[in-house]
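**Student:** sequence and predicted structure are below.
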Amino acid sequence: MVFEGLSGKLQEAVNKLRGKGRVSEKDVKEMMREIKLALLEADVNFKVVKDFIGKVSERSVGQDVLESLTPGQQIIKIVHEELIELLGRESSKVTFSPKSPTVFMMVGLQGSGKTTTSGKLASLLRKQNAKKPLLVACDVYRPAAIKQLEVVGGQLNIPVFNMGDKVNPVEIAKAAIEHARLKLYDLVIIDTAGRLHIDEELMNELVGIKKAVMPQEILLVIDAMTGQDAVNVSQSFDEKLGVDGIILTKLDGDTRGGAALSVKAVTGKPIKFAGMGEKLSDLEPFFPDRMASRILG
Ligand code: GDP
């Protein structure tokens, strides 16, 4: 998992306090220094680290903690709680619109996992709230993107609406919603184009699609392995489009993914799902408490 390195170091830092009968302010300071280094090394945003360390330190050096019977355990609990807070506290679900079809728009940089995740999400939600999902191919620029979505849809037995790559994506999205209404699809997931970097033209196109279909949710797909870039990307998409939730992909990866820990804190937007592998079943609802427990062991 992308948090493995971080996880090991955090565990090492907090374990020094585990079972300690007496903990001094100096012990806490030393632990906080190690945690700070671990977070920075894992590529967690500097300001986020500073806030996190500040909160944990403040709560940990209180008399009620240091003079309690199990100070070590209490401090570990504080670290755990603040990690949950950092990841978003409550788990956030996607919402469905009262009037069918519910429309979700997937946005993100090229390669972030949008196309695969569109399929994964349709499949996951078909097991829960949606009976009849439809995937929509609005990425008309990346060669083979439409074909890729069709392959994904085919594997999941979910239809894909496409009008080829010569039609304007705004028109495709509009036509798809019309089609969904007529054919009684209850969930429409629109796969949009990404670029390698954010650019004005892409953003304007996405704004156009948003205006045309008024999606219930705009979900930003972020590759957890892209480092600090992930944070910058999420900020720009949110500023331009207004994002409702984040889907972190490639959490199964093996590079440091600490930046992913910053995304919620920086944007204030909840992480709603996590991509845990390349298989189409590898998408899970995101639970901050479970992730914090996995990280702290
Ligand atoms: P798009 O350009 O944003 O549409 O990205 P794609 O859906 O084509 O995904 C890019 C690559 O990332 C593909 O090879 C996917 O299989 C892979 N991918 C997507 N999500 C995950 C994930 O959660 N874990 C792993 N390991 N790979 C993923």
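**Tutor:** Now that the structure is in, tell me what you want to look at. Keep in mind it's a predicted model, so treat the numbers as computed, not measured.
**Student:** CA atoms for contacts and neighbours, from now on please.
**Tutor:** OK.
**Student:** tell me how many other residues surround residue 18.
**Tutor:** By the criterion of other C-alpha atoms under 10 Å, residue 18 has 16 neighbours.
**Student:** identify the residues contacting it.
**Tutor:** By C-alpha atoms under 8 Å, 6 or more residues apart in numbering, residue 18 lies in contact with 72, 73, 76.
**Student:** and residue 246, helix, strand or coil?
**Tutor:** Here residue 246 is strand, with the state taken from DSSP: H, G, I helix; E, B strand; the rest coil.
**Student:** which residues touch it?
**Tutor:** Contacts of residue 246 (C-alpha under 8 Å, 6+ apart): 219, 220, 221, 222, 269, 270, 271, 272, 273.
**Student:** swap the cut-off to 10 Å and go again
**Tutor:** Shown in contact with residue 246 (C-alpha atoms under 10 Å, 6 or more residues apart in numbering): 106-108, 218-222, 234, 263-264, 267, 269-274, 286.
**Student:** can you tell me which of those residues are in strands?
**Tutor:** Using DSSP state E, the subset of the contacts of residue 246 located in strands is 106, 107, 218, 219, 220, 221, 222, 271, 272, 273, 274.
**Student:** surely the last one and residue 287 touch.
**Tutor:** If I follow you right, that is residue 274. Yes: the criterion here is C-alpha atoms under 10 Å, and residue 274 meets it with residue 287 at 9.0 Å.
**Student:** before we move on, the earlier item: ok, the ones in strands among the contacts of residue 246 vs residue 64, which is closest?
**Tutor:** Each of the ones in strands among the contacts of residue 246 was checked against residue 64 using C-alpha to C-alpha; the closest is residue 271, at 33.4 Å.
**Student:** okay but the closest one is in contact with residue 219, surely?
**Tutor:** Yes: contact status for residue 271 versus residue 219: in contact at 9.4 Å, counting by C-alpha under 10 Å.
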